[in-house]
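Trainee: Sequence and predicted structure below; questions after.
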Amino acid sequence: MRYLVFGGAGFLGSHLVESLEGEITVVDDLSTVKYIELPPNVKLIKERVESFKTDEKFDYVIHLAARPSPDDYVQHPVETALANSIGTYNALEIARRSDAIFFFTSSSEIYGHADVIPTPEDYWGKVNPTGVRSCYDESKRFSESLIMAYYREYGLDVRIQRPFNVYGPRLREDGSYGRVVSRFIAQALRNEDLTVYGDGNQTRAFLYVSDWVEATKRMLEPRKDLKGVVLNVGSDKETRIIDLANLIIRLTGSRSKIRFLPPRPDDPPRRAADVTRAKQLLNWEPRVNLEEGLKRTIEWFKVRL
Ligand SMILES: NC(=O)c1ccc[n+]([C@@H]2O[C@H](COP(=O)([O-])OP(=O)(O)OC[C@H]3O[C@@H](n4cnc5c(N)ncnc54)[C@H](O)[C@@H]3O)[C@@H](O)[C@H]2O)c1
């Protein structure tokens with residue numbers, strides 16, 4: 001099998017490619033990468049998803065290239081929007097010429113301030129189309145729309161995944177790239193204050209990366225009934241951010257305290273995945289609970305920070 005993986009040097013991409021067997025080309029501009037850990041057989045090309053050109057043929061085109069950290073993408077709104085629009089178009093064209101299976105990581109962010117929690121795939125979303133986060137969530141929504149257009153007009157075999165807060169080793173913790181789990185772990189290991197936006201009552205549902213890899217590999221199977229599928233991949237167990245912070249302080253044995261910062265604009269108050277469809281279709285369910293996943297992630301960070 002020949003895989004072309006855009007954004008394959010990042011957190012999810014690196015875990016995915018180390019589980020794939022075949023000839024793997026990763027195209028990544030390395031814009032958000034800190035920990036590059038790719039298997040030696042992977043060919044890495046430093047290039048943007050919007051501009052990469054090739055005449056080669058692939059069995060799979062996988063598009064993970066994006067700037068997913070809110071603090072980072074609000075500083076790079078144009079790059080963020082283009083990766084998920086022109087980038088998606090370019091990746092789709094490469095897939096169409098190859099008659100490849102096309103896989104895209106959309107995001108739970110496309111649901112915006114969802115009224116239905118846990119959120120099923122047929123919830124249409126409640127998104128601010130011009131807000132500071134729209135460069136990310138609206139471009140993911142456009143990508144989904146364009147991908148379904150390729151499915152309907154050209155019969156391309158497409159699969160859309162909406163991941164919800166996946167965490168684990170290699171999830172960048174620093175500066176504007178840090179995401180909540182890795183940022184809290186790093187702060188706790190350094191005995192610094194854990195910084196919580198707002199009052200900490202906002203919820204997220206966390207999925208450990210090995211569970212994500214398993215779901216994704218099942219989504220990539222060459223099954224005809226997965227053509228055109230849209231699936232949530234995440235957890236339905238809601239955790240308040242304040243509880244996550246306290247749990248990480250306990251698991252690290254840290255002396256850290258919690259410091260509250262002003263809330264982020266348009267930050268969704270609650271988020272959890274309805275994964276009924278993924279469970280049925282993929283015969284999959286999360287196996288690693290939050291405490292166990294955090295312990296593994298903490299162990300990984302302990303030797304790197
Ligand atoms: N981790 C999560 O919880 C989560 C949740 C929802 C959606 N996603 C989506 O999953 C995908 C992977 O996310 P991740 O968590 O591994 O983040 P990441 O930042 O670690 O990985 C993204 C990768 O894309 C690359 N990239 C960014 N812009 C690019 C461009 N224009 N051209 C080429 N490469 C580019 C980055 O260098 C990086 O290697 C993204 O599409 C993201 O939106 C992730």
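Mentor: Received it, and whenever you're ready, just let me know what you need. Numbering: from 1, shown residues only.
Trainee: When you work out contacts or count neighbours from here on, use the C-alpha atoms and nothing else.
Mentor: Noted.
Trainee: Name the spans of the chain whose pLDDT lies under the cut-off.
Mentor: Regions of the chain meeting the criterion pLDDT under 70 are absent.
Trainee: The longest helix along it near the ligand anywhere?
Mentor: Longest helix in the chain, counting residues (DSSP state H): helix 134-154. No - using CA under 6 Å from any ligand atom, helix 134-154 stays clear of the ligand, with a minimum separation of 7.9 Å.
Trainee: next helix or strand past that helix?
Mentor: strand 157-163 (DSSP states H and E).
Trainee: Each with direction, which strands does that next one pair with?
Mentor: strand 101-105 (parallel), strand 229-233 (parallel) (DSSP bridges).
Trainee: Check what contacts stretch 84-95 and list those residues.
Mentor: 48-52, 54, 57-58, 60-61, 63, 65-66, 101-102, 136, 139-140, 142-143, 146-147, 150 (CA atoms under 8 Å, 6 or more residues apart in numbering).
Trainee: quick one: contacts for the residue nearest the centre of the chain?
Mentor: For the chain, the residue nearest the mean C-alpha position is P163 (5.4 Å; CA atoms, centre = their mean). Each residue near P163 by CA under 8 Å, 6+ apart is listed here: 105-108, 232-234.
Trainee: Kindly reformat those as a markdown table containing distance to the ligand and neighbour count.
Mentor: Listed next are these as a markdown table, based on distance: CA to the nearest ligand atom, whole Å; neighbours: other CA atoms under 10 Å:
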| residue | distance to the ligand | neighbour count |
| --- | --- | --- |
| T105 | 5 | 22 |
| S106 | 6 | 27 |
| S107 | 4 | 21 |
| S108 | 6 | 24 |
| N232 | 10 | 25 |
| V233 | 9 | 30 |
| G234 | 9 | 27 |
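Trainee: Flag every residue of the stretch 101-250 of the chain that's near the ligand.
Mentor: Counting by CA under 6 Å from any ligand atom, the stretch 101-250 of the chain sits next to the ligand at 105-108, 163-166.
Trainee: so I62, which of the three states?
Mentor: Counting by DSSP: H, G, I helix; E, B strand; the rest coil, the backbone at I62 sits in strand.
Trainee: Count the neighbours of it for me.
Mentor: I62: 26 surrounding residues under other CA atoms under 10 Å.
Trainee: how about the CA coordinates for the longest helix of the chain, as PDB?
Mentor: The C-alpha atoms that make up helix 134-154 are tabulated as PDB, following Å, rounded to 0.1, in the frame of the first residue of the first chain:
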ATOM      1  CA  SER A 134     -13.900  30.600  12.400                       C
ATOM      2  CA  CYS A 135     -10.600  30.300  10.500                       C
ATOM      3  CA  TYR A 136     -10.400  26.800  11.900                       C
ATOM      4  CA  ASP A 137     -14.000  25.600  12.400                       C
ATOM      5  CA  GLU A 138     -15.500  27.200   9.300                       C
ATOM      6  CA  SER A 139     -12.600  25.900   7.100                       C
ATOM      7  CA  LYS A 140     -13.000  22.400   8.500                       C
ATOM      8  CA  ARG A 141     -16.700  22.700   7.700                       C
ATOM      9  CA  PHE A 142     -15.800  23.900   4.100                       C
ATOM     10  CA  SER A 143     -13.500  20.900   3.800                       C
ATOM     11  CA  GLU A 144     -16.200  18.500   4.800                       C
ATOM     12  CA  SER A 145     -18.500  20.100   2.200                       C
ATOM     13  CA  LEU A 146     -15.900  20.000  -0.600                       C
ATOM     14  CA  ILE A 147     -15.000  16.300   0.300                       C
ATOM     15  CA  MET A 148     -18.700  15.400   0.000                       C
ATOM     16  CA  ALA A 149     -18.900  17.200  -3.300                       C
ATOM     17  CA  TYR A 150     -16.000  15.000  -4.600                       C
ATOM     18  CA  TYR A 151     -17.800  12.000  -3.300                       C
ATOM     19  CA  ARG A 152     -21.100  12.900  -5.000                       C
ATOM     20  CA  GLU A 153     -19.700  14.300  -8.200                       C
ATOM     21  CA  TYR A 154     -16.700  12.000  -8.900                       C
END
